[in-house]
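**Q** Kindly generate the corresponding structure for this input.
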Amino acid sequence: MVKAIIFDLDGVLIESEIYFLKAEIAIFNNHGMKLDEETAAKYLGLKIDAYIAAMEKIFNKKLDHKQLAREIEEMVHNVYQHKIPLVPNVAKILPKLAKTYKLVLATSREKYLAEIVMKRLNIAKYFPNGVYREHVSIGKPNPEVFLSAAKLVGVEPKDCVVVEDAQAGFEAGKAAGIYVIGRKAGYNKHQDFSAADATFTDFSKLPGIISSIK
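**A** The predicted model follows:
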């Protein structure tokens, strides 16, 4: 029986990934790496350090992790404050889900960044509980973030659902023993959805999917 829903933030609740892809491509291009959208999209959902390490391996180039992380974090801060909208139908559906289930956030973003965008978009009230970057020692696809989220709201993993948009998140959810629902959109068409138990393109379909889980 589903008692709690664990939400990723970027690409699930907020329409951020396309902004991040474009900005990350620009940042890496400025450092002499011709990063394209398809390659960048394959690594969605990773923590910043892991993302930079992946690019380092792809381009066989030693990178200044601190400098790149600083540039990426500045970009994230800017778009969170000013640009990113909610995923369509999130504002309509979250109140309905909150009446029936415990909602908890599980994101690789720092808490202060997540709170900036959630407060601006008026969804922070639905997420009094959350696991953020500073609370996790190992990023997705390790299941730590989702196991911590389940523990935070006092619900067994088997009674939770994870809503994600990236392969690393799908795999983390399954490794945690949790039912995984993946959001499909144009930006993540190159992701492997095979680890997801169900998928949706319209957020308004989410309650029906969750209520049908046995």
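
**Q** residue boundaries of the helices in the chain?
**A** 17-30, 37-42, 48-59, 65-82, 90-100, 111-120, 144-152, 167-175, 206-211 (DSSP state H).

**Q** Could I get those in CSV, plus columns for mean neighbour count and mean pLDDT?
**A** Glycine gets a C-beta too; all of them are placed from N, C-alpha and C. Formatted as CSV, the helices of the chain follow (neighbours: other C-beta atoms under 10 Å; pLDDT from 0 to 100):
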stretch, mean neighbour count, mean pLDDT
helix 17-30, 18, 84
helix 37-42, 17, 83
helix 48-59, 17, 88
helix 65-82, 15, 85
helix 90-100, 14, 98
helix 111-120, 18, 93
helix 144-152, 22, 98
helix 167-175, 25, 96
helix 206-211, 15, 98
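
**Q** For residue 191, find the nearest of the ones you listed.
**A** Among the helices of the chain, helix 167-175 comes nearest to residue 191, with 4.8 Å by C-beta to C-beta.

**Q** how distant is that closest one from the center of its chain?
**A** 11 Å (C-alpha atoms, centre = their mean, to the nearest Å).

**Q** That helix packs against which elements?
**A** The helices and strands touching helix 167-175, judged by 3 or more C-beta pairs under 8 Å, 6 or more residues apart in numbering; DSSP states H and E, are helix 144-152, strand 160-164, strand 179-183.

**Q** and residue 60, what are its phi and psi?
**A** In this entry, residue 60 is assigned phi and psi values of phi 50, psi 50 (degrees, to the nearest 10).

**Q** With residue 207 as the reference, measure out to it.
**A** Taken as C-beta to C-beta, to the nearest Å, the spacing of residue 60 relative to residue 207 amounts to 47 Å.
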